[in-house]
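Visitor: Sequence first, then the predicted structure:
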Amino acid sequence: MSLDRLVFAFAGGMILISLGLSLLVSPAFLWLTAFVGANLIQAAFTGFCPVARLFKRLGAKPGCAFE
């Protein structure tokens, strides 16, 4: 799986987990959803994504969105 797909899968998973936790535990978990969304927006404009760097260090093959 390429780096791009790993980042998108991770972000989608975090959003779904935080939505589930907001329903089951506390609505405060919606802040996690907002954080992930804001990080995706800034990554779109800057090309910098901390999770992409982590996956790259773990050996994920590069994609075309994150270098």
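Guide: Structure's in. What do you need? Here the structure is a predicted model, which is why all the values come from computation and not from measurement.

Visitor: only C-alpha atoms for contact and neighbour calcs from this point on.
Guide: OK.

Visitor: Check which helix or strand the residue most central in space within the chain maps to.
Guide: With distances taken as C-alpha atoms, centre = their mean, the residue of the chain nearest its centroid is residue 11 (2.8 Å). Assigned by DSSP states H and E, residue 11 falls within helix 3-24.

Visitor: list the contacts for residue 65?
Guide: Applying C-alpha atoms under 8 Å, 6 or more residues apart in numbering, we find residue 65 in contact with 4, 47.

Visitor: where does it land in three-state SS?
Guide: The three-state label given to residue 65 by DSSP: H, G, I helix; E, B strand; the rest coil is coil.

Visitor: Low-confidence stretches in this protein?
Guide: Residue ranges of the chain with pLDDT under 70: 66-67.

Visitor: Mind doing that once more with 80?
Guide: Filtered on pLDDT under 80, the chain yields the residue ranges 63-67.

Visitor: How is residue 38 assigned, secondary-structure-wise?
Guide: Taken by three-state DSSP, the conformation at residue 38 corresponds to helix.

Visitor: repeat for residue 48
Guide: Under three-state DSSP, residue 48 falls in the coil class.

Visitor: quick one, phi psi at it?
Guide: As for residue 48, its main-chain torsions (degrees, to the nearest 10) stand at phi -100, psi 130.

Visitor: ok so, going back, is the residue nearest to the centre of the chain in contact with residue 38, as I believe?
Guide: No - with contact defined as C-alpha atoms under 8 Å, residue 11 and residue 38 do not form a contacting pair (10.9 Å).
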